[in-house]
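only the shape, not the letters, is given here:
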């Protein structure tokens, strides 16, 4: 109730026969007694009462259910499994899609629905990323990181026990039926029938980018097999190949999942791997350059024209070749943006890493950069930025810049490079298929 | 009942399916070995043929690059001695005389995963296959673009592309992988398959060794 009240703009009908009010709203004694239309039922009654509650949902013509209640297939007691079989049959009877059971629920920021037990998810910035997760914990990890790091999300949901709404159904919905979703992020632990997901993704290939984090990397191959192939085939290795085959970009960590989804939501894909690094201070540019190779990227070579622009704007006391030390332009955000646009215009550069760290001498840098940024056109190539400052100092400008005009702001230079590398991987993943027809 | 096809039985199956296998003959004595080698042309490789010796190299069951009649006769006896010192109460099915393969060594295999079903694998092969584990997997069936991306996944991809003194046509390997995938799709009874090594060279793709598990 706390999650819905004050956030959801439609009608809310609390159902509880033993209570007059919930969160200041009058309760109904039963679902069927409600006079209005019910689109969604959020069920939090004890497991034993779930079957009859689902029958009521069916009779009432409810369109969908979020079943937060736990105590089904996931428990050791075999009665849990039997109860789940029973609710599956009831759902089938009424053609009732159920998210769960055993889920924290879902949040749709675009529609303003927080049907979860975590009201704070309503603080997530609205955006184009939708997360489909096999774990509620991962939704909480990514949801709170999204708030902290300005990731714009459209939806996040944990599928729980996946009784009749599983990855293929969720993926099809977010890709084919939800315009607000631009990028789908998946968290997968393990599936009994993984081919359904892979085949669904294959059939939706190229419509929207899909990024996946698959847990269970340490699982070993079948050591009992007397065949080389069998003994080398770890479940994770097969997953890796299958995801690639489906056009899904696999990532290794939660932060990479978030960063990559954020970049995919706001930036164009690079046409190639050649990257320029522009940094307000030499050091961050150098460590960014150190990770370029590992991310599958290369440092770009500037054309004579670009180099002339940089040389005109920066005195020879700084390193003016890639990675460029823009230190001398500290006091002139206009020059920094000028260097940025010159490198973006360079045919030999496919994307830019743009870095600036706060120091008391450049206090106004971010605000002035924002003012210049507002005047500039949308960038034709991806720009991954990293601006770090003490809390409160540059926050406003960073929030305004982040996700606009083809630029995203990420927490560290290395993560900015990694995200750029993943945009390039996504490009090759999508093109590999196109080229060979 | 599961059945294991090794040696010439596996080669026969693969040849019937239209796959290129290095010329191989099963022989039962040293004279026959020498005659077979002479007729296919030196150098040749000798391999033990017995269901006991699955990992042939480990039991001294392989001699490669034998370039003369004497070397073949000596190699034949050596392999037989190694076999009989390990399994004194049994005799091998014979010894395979095979045209010496050369080129870059790949491993190509398939398995039936309990969750994913039929899966294909390709990677760096030969005796280093298990040590380097430089392999990549895809679900069967695969398309040409999947075959290409399997090879690109390998850490040894650059080495394969620029194999020493050999102009290797990667498209031939890709077609080979797609055909293995197609073959599996038509033979659901194949549970597992190891083709190792598969030689790739300017001569194209040639299967040097194979074992196939047939199940229900």
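Received the coordinates, thanks. All values reported here derive from a predicted model rather than from experimental measurement.

all contacts plus neighbour counts: C-alpha atoms, from now on.
Will do.

from residue A:207, how far off is the residue of chain B most remote from its centre?
Seen from the C-alpha centroid of chain B, the residue lying at the greatest distance (C-alpha atoms, centre = their mean) is residue B:89, 27.8 Å away. Applying C-alpha to C-alpha, to the nearest Å, the value for residue B:89 to residue A:207 is 64 Å.

top strand in chain B by residue count?
Taking DSSP state E as the criterion, chain B has its longest strand at strand B:190-201.

got a pLDDT number for the nearest residue to residue B:119 once chain neighbours are set aside?
In space, residue B:119 comes closest to residue B:139 once its chain neighbours are excluded; the distance is 4.5 Å by C-alpha to C-alpha, 6 or more residues apart in numbering or on different chains. At residue B:139, the pLDDT value in this model is 97.

in the host helix or strand of residue A:146, which residues are buried?
Taking DSSP states H and E as the criterion, residue A:146 maps to helix A:136-149. The neighbour-count check on helix A:136-149 (16 or more other C-alpha atoms under 10 Å in any protein chain shown) flags A:136, A:138, A:139, A:140, A:142, A:143, A:144, A:145, A:146, A:147, A:149 as buried.

make JSON lines from those and add pLDDT and distance to residue B:31 to it.
JSON lines is the format used below for the buried residues of helix A:136-149 (pLDDT from 0 to 100; distance: C-alpha to C-alpha, whole Å):
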{"residue": "A:136", "pLDDT": "94", "distance to residue B:31": "71"}
{"residue": "A:138", "pLDDT": "96", "distance to residue B:31": "69"}
{"residue": "A:139", "pLDDT": "96", "distance to residue B:31": "72"}
{"residue": "A:140", "pLDDT": "96", "distance to residue B:31": "74"}
{"residue": "A:142", "pLDDT": "97", "distance to residue B:31": "72"}
{"residue": "A:143", "pLDDT": "96", "distance to residue B:31": "75"}
{"residue": "A:144", "pLDDT": "96", "distance to residue B:31": "77"}
{"residue": "A:145", "pLDDT": "96", "distance to residue B:31": "75"}
{"residue": "A:146", "pLDDT": "96", "distance to residue B:31": "76"}
{"residue": "A:147", "pLDDT": "96", "distance to residue B:31": "80"}
{"residue": "A:149", "pLDDT": "94", "distance to residue B:31": "77"}
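
out of the residues you listed, give me the two with the largest separation.
A:136 and A:149 (19.6 Å; C-alpha to C-alpha).

and residue A:119, how many neighbours?
Per other C-alpha atoms under 10 Å in any protein chain shown, the neighbour tally for residue A:119 reads 16.

that one against residue A:3, yeah?
Yes: using C-alpha atoms under 8 Å, residue A:119 is in contact with residue A:3, at 3.9 Å.

from the chain's centroid, how far away is the helix holding residue A:146?
If you compare the mean C-alpha spot of helix A:136-149 with that of the full chain, they lie 10 Å apart, counting by C-alpha atoms, centre = their mean, to the nearest Å.

what helices and strands are in contact with that helix?
Other elements packing on helix A:136-149 under the criterion 3 or more C-alpha pairs under 8 Å, 6 or more residues apart in numbering or on different chains; DSSP states H and E are strand A:153-158, helix A:254-266.

quick one: low-confidence ranges for chain B?
Filtered on pLDDT under 70, chain B yields the residue ranges B:1, B:164.

try it again with 80
B:1, B:126-128, B:130, B:163-167, B:216 (pLDDT under 80).

and the stretch 251-400 of chain A, by the same measure?
Across the stretch 251-400 of chain A, residues meeting the criterion (pLDDT under 80) sit at A:329-331, A:361.

could you look up the SS state of residue B:123?
Reducing the assignment at residue B:123 to three states with DSSP: H, G, I helix; E, B strand; the rest coil gives strand.

nearest spatial neighbour of it, chain-adjacent residues omitted?
The spatial neighbour of residue B:123 that comes closest, neighbours along the chain excluded (C-alpha to C-alpha, 6+ apart), is residue B:135 at 4.0 Å.

for the one you found, give its distance to residue A:78.
The separation that residue B:135 has from residue A:78, given C-alpha to C-alpha, amounts to 41 Å.

before we move on, what about residue A:341?
According to C-alpha to C-alpha, residue A:341 and residue A:78 sit 64 Å apart.

look at the two and report which has more neighbours.
Taking neighbours as other C-alpha under 10 Å, residue A:341 and residue A:78 compare with residue A:341 leading, 17 against 11.

Three-state assignment for that one, please.
Under the three-state scheme (three-state DSSP), residue A:341 adopts helix.

what does residue A:90 give?
Put simply, residue A:90 is helix when judged by three-state DSSP.

where does residue B:80 fall, secondary structure wise?
Using DSSP H and E, residue B:80 sits in helix B:69-86.

my error: substitute residue A:34 in the last question.
Here residue A:34 is assigned to no helix or strand, by DSSP H and E.

spit out the contact partners of it.
The contact partners of residue A:34, by C-alpha atoms under 8 Å, 6 or more residues apart in numbering or on different chains, come to A:13, A:28.

same deal with residue A:67?
Listed by C-alpha under 8 Å, 6+ apart, the contact set of residue A:67 reads A:42, A:43, A:44, A:98, A:99, A:100, A:101, A:102, A:103, A:105.
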